[in-house]
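> Here is a sequence with its predicted model. Questions after.
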There are 2 protein chains.
Amino acid sequence: MSLDPAAALELGTVRVVGTGLLGASVGLGLSASGARVLLADVSPTALALARDVGAGVPDPGTEPVDLVVVAAPPDVTAAVVADELKAHPDAVVTDVASVKAGVLAALTASGADLRAYVGSHPMAGRERSGAVAARGDLFLGRPWVLSPAPGGDAAAMAVVRRLALALGAVPLAMPASEHDEAVALVSHLPQVAASLVAARLRHAPDAAVALAGQGLRDVTRIAASDPALWAQILAANAGPVTAVLEQVRDDLDRVLAALRAIAAETPDADAVGARGDVAHAIADGNLGRERIPGKHGGVPARYAVVTVVIPDEPGALGTVFADIAAAGTNVEELALEHAPGRAVGLLEVSVLPAAREHLEAALTASGWHVVA
Amino acid sequence: MSLDPAAALELGTVRVVGTGLLGASVGLGLSASGARVLLADVSPTALALARDVGAGVPDPGTEPVDLVVVAAPPDVTAAVVADELKAHPDAVVTDVASVKAGVLAALTASGADLRAYVGSHPMAGRERSGAVAARGDLFLGRPWVLSPAPGGDAAAMAVVRRLALALGAVPLAMPASEHDEAVALVSHLPQVAASLVAARLRHAPDAAVALAGQGLRDVTRIAASDPALWAQILAANAGPVTAVLEQVRDDLDRVLAALRAIAAETPDADAVGARGDVAHAIADGNLGRERIPGKHGGVPARYAVVTVVIPDEPGALGTVFADIAAAGTNVEELALEHAPGRAVGLLEVSVLPAAREHLEAALTASGWHVVA
């Protein structure tokens, strides 16, 4: 998980069009490896800022270019890609827009020669935007989807794959429409679900939200996302998002029908099968959850959870993790949960099941309070 | 955050009816404080197991009892409470079922004298069940809702509050119907949402789930919950859960209508207002998310996130937390994220915004790779 300077240098001269968070981060990462990066932006101020943070130098327009990375706003991406393909007939051109089929359709409709074009989507971002938030390591360890145009050159694909590797990302090839359906499912659906659940809390009594536990916190964490940005993302992928949301709506209607039948039960009229329908919905969720790849992309492991009481003071976490390490136990996952009204936290450490008893004994021996 | 032995001893003699996870944990916690705990269960095997783990002694039926804790299955709770009220006219009786209005309605219909009854719901549980999984510290720092019967004695309420405090829980008084609406919102709705999102992954292509990020993992974590248990919980609270799910379904239909309009757009027919509707749904989620109490029940704080690359080996977490402590920084929240296909993790540490720059500099100086 690191930048690959050799790959970066093999890219030759890279032109980055659009110097916001993603464009400037591409420039920073490649420049850090010693690659030649030329920057372009319709805003002179944004361009100067990207130069100042070290993302590259303003493109003088006089040098041959090997690769163009279009990091313009989604609604102008296709037009900019078409312009760049025309202006740099010997270069490979890619874009980094988060939805791919619309860009490809617009490019195809424009009649552009797409042999040297590869759409891409580095799955990285931050809560902040602009070159000022750019980091050369933004893409480290993140999936970077490559969506070649039908009939595109294998050589162009190899160049964009090298770009992903140069920036420490994990390249994954996928046709544009498959990519859009995949992100509708794994990214856009969870966002809508989290927002809809959180929205129900707006007018809830204080006493109700005081009962919030870790489940609600986890489900609604991404509900804090930027509304303007997400309206743009969801609108750009409206077709695939609509398709998956309609399936969820149908599933929800089935659960609702079962619960309504149970609520209307009388001693003489049992809601036959309704409890089974509810259990079925939860069981389907079990099966889906198991599809999510585990650590390092492998098969999901079943971890045992060891919970430790942590006083709320600097040093406590360092000491407990040192004790965990001294016990020879590797931490697979972790979470810190806060008790309402108490100045302590509960640290949940996931370990391999075989390691659980040993770790609990070791931590107890070190004076920690290991909880149920 | 600890057991309160003085409060436990003030309770006098406590009879626990039903020695599964919750009943045996109550018995263990009180016994650990030196209280006299008498156990009862329809299953002699379960009773012997609870005795063997130290939850108390089998009730000889010859001693006066001050408090009865009914921890029977939800569908027999009301009948057992009514029996106990009759058998122990001088004792306070409580139950620990997770849904309260149904129990109260059944008790009222039975004509029982409810002056000495207080419904309660300790919000604690584990993935395992039975006395073998019981822990005396199961309730430490957890909310424990108290729902008195209308016209119930203040003295009975004080006794059950003392029970919660004796076990280290945080007592919160709330009428039964309010409790059930609150848990429908903060516990049952997130469970259904997580399960429905996860269920969509069942038949997804491997390449799609390979793009799963932390957002999907967070939203679907509780989708791994037990279907039989959750069918029972949701059925017992069918009315309030139906009400909140119908509101979510209406919100979902609004988002769907907007996205369908956008998907059907042509250059001549703009979906006026549709993007605004989508942004509105996400913004409503922002407002709801902000209602969730922050650490220690206080006002939610806006934390800054510092992300550090962690090699996947024992000791790394201990060292990084020791370095964080050496920097004098307190950790507010934390999460460990795994990069697909890489043997490292990204540790996300939330700190007060004012501490961010100092911590990033200190960790970098200690040789850690601090990421965007």
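Cool, got the structure. Numbering: from 1, shown residues only, chains lettered A, B, ... in the order given.

> Point out where the stretch 251-372 of chain A drops to low pLDDT.
Along the stretch 251-372 of chain A, segments meeting pLDDT under 70 span A:294-302, A:337-344, A:372.

> at 80 instead, please
A:267-269, A:294-303, A:311-315, A:330-346, A:353, A:371-372 (pLDDT under 80).

> got it, and the stretch 51-200 of chain A?
Flagging of the stretch 51-200 of chain A using pLDDT under 80 yields the residue ranges A:125-130.

> Can you tell me which residues in it are near chain B?
Within the stretch 51-200 of chain A, the residues that sit near chain B (CB under 8 Å from any CB of the partner chain) are A:123-124, A:126-127, A:133-135, A:137-138, A:140-143, A:145, A:170, A:172, A:174, A:178, A:181-183, A:185-187, A:189-200. Placement of C-beta: from N, CA and C, glycine included.

> Out of those, which end up buried?
Burial by neighbour count, 16 or more other CB atoms under 10 Å in any protein chain shown: within those this picks out A:123-124, A:126, A:133-135, A:137-138, A:140-143, A:145, A:170, A:172, A:174, A:178, A:181-183, A:185-187, A:189-200.

> Which ones among these lie within strands?
Of these, the ones assigned to strands by DSSP state E are A:143, A:145, A:170, A:172.

> Tabulate these in CSV, adding columns for distance to residue B:220.
Shown next, in CSV, are those (distance: CB to CB, whole Å):
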residue, distance to residue B:220
A:143, 18
A:145, 21
A:170, 22
A:172, 21
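
> Could you tell me how far the nearest residue to residue A:168 once chain neighbours are set aside is located from residue A:225?
In this structure, residue A:168 finds its nearest non-sequential neighbour in residue A:140, 4.1 Å apart by CB to CB, 6 or more residues apart in numbering or on different chains. From residue A:140 across to residue A:225, the span is 22 Å (CB to CB, to the nearest Å).

> Show the end-to-end separation of stretch A:64-74, please.
Its first and final residues considered, stretch A:64-74 spans 26 Å by CA to CA, to the nearest Å.

> cool, and stretch A:82-94?
Start and end residues of stretch A:82-94 are separated by 11 Å (CA to CA).

> Report all helices and strands that the helix or strand residue A:241 falls within contacts.
Here residue A:241 sits within helix A:238-263, counting by DSSP states H and E. For helix A:238-263, the packing partners by 3 or more CB pairs under 8 Å, 6 or more residues apart in numbering or on different chains; DSSP states H and E come out as helix A:176-183, helix A:189-199, helix A:274-289, helix B:189-199, helix B:227-236, helix B:238-263.

> Just give me how far it sits from the chain centre.
With CA atoms, centre = their mean, to the nearest Å as the basis, helix A:238-263 stands 25 Å off its chain's centre.

> and residue A:109, how many neighbours?
Per other CB atoms under 10 Å in any protein chain shown, the neighbour tally for residue A:109 reads 10.

> let me fix that: residue A:265
Using other CB under 10 Å, residue A:265 has 14 other residues around it.

> just residue A:269 next, same as before
9.

> what's the answer for residue A:357, then?
By other CB under 10 Å, 11 other residues sit near residue A:357.

> and it, helix, strand or coil?
Following DSSP: H, G, I helix; E, B strand; the rest coil, the label given to residue A:357 is helix.

> can you tell me how far it sits from chain B?
In this view, residue A:357 and chain B are 14 Å apart by CB to the nearest CB, to the nearest Å.

> quick one: which of the helices and strands packed on helix A:238-263 is nearest residue A:207?
Of all these, the one in closest proximity to residue A:207, counting by CB to CB, is helix B:238-263 (14.4 Å).

> Hey, what's the angle from that closest one to helix B:274-289? Just curious.
Here the directions of helix B:238-263 and helix B:274-289 differ by 150 degrees (axes from the mean of the first three to the mean of the last three CA atoms, to 10 degrees).

> Buried ones in helix B:238-263, by neighbour count?
For helix B:238-263, by 16+ other CB under 10 Å, it's B:238-242, B:244-245, B:248-249, B:251-252, B:255-256, B:258-263.

> Compare the helices and strands packed on helix A:238-263 and give me the one nearest residue B:353.
Nearest of the helices and strands packed on helix A:238-263 to residue B:353, taken as CB to CB: helix A:189-199 at 22.3 Å.

> Mind giving me the packing neighbours of the following helix or strand past the closest one?
Remark: after helix A:189-199, the chain's next helix or strand is helix A:206-209, criterion DSSP H and E. The contact analysis (3+ CB pairs under 8 Å, 6+ apart) places helix A:206-209 against helix B:176-183.

> Just confirm yes or no for the helix it packs on near chain A.
Yes. Interface with chain A: helix B:176-183 contributes B:178, B:181-183 (CB under 8 Å from any CB).

> Nearest to chain A among these?
Nearest to chain A, judged by CB to the nearest CB, of these is residue B:182 at 3.6 Å.

> which residues touch that closest one?
A:204-205, A:207-208, A:211, B:174 (CB atoms under 8 Å, 6 or more residues apart in numbering or on different chains).

> Also residue A:199?
Counting by CB under 8 Å, 6+ apart, residue A:199 has contacts A:223, B:251, B:281, B:284-285, B:287-288.

> can you pull the contacts of the nearest residue to residue A:95 once chain neighbours are set aside?
Nearest residue to residue A:95 in three dimensions, chain neighbours excluded: residue A:70, at 4.0 Å (CB to CB, 6+ apart). By CB under 8 Å, 6+ apart, the contact set of residue A:70 is A:17-18, A:77, A:80-81, A:84, A:93-96.

> if we can go back for a sec, now render the helices and strands packed on helix A:238-263 as TSV, adding distance to residue B:271.
Compiled in TSV, the helices and strands packed on helix A:238-263 are given as follows (distance: least, CB to CB, whole Å):
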stretch	distance to residue B:271
helix A:176-183	19
helix A:189-199	17
helix A:274-289	31
helix B:189-199	26
helix B:227-236	36
helix B:238-263	4
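
> Residue B:46: which of those helices is closest?
Smallest distance to residue B:46 across these (CB to CB): 17.5 Å, for helix B:227-236.

> buried set for the closest one?
Within helix B:227-236, the residues that count as buried by 16+ other CB under 10 Å are B:227, B:230-236.

> The host helix or strand of residue A:49 packs against which elements?
Applying DSSP H and E as the criterion places residue A:49 in helix A:44-52. Packing partners of helix A:44-52 (3+ CB pairs under 8 Å, 6+ apart): helix A:21-32, strand A:36-40, strand A:57-58.
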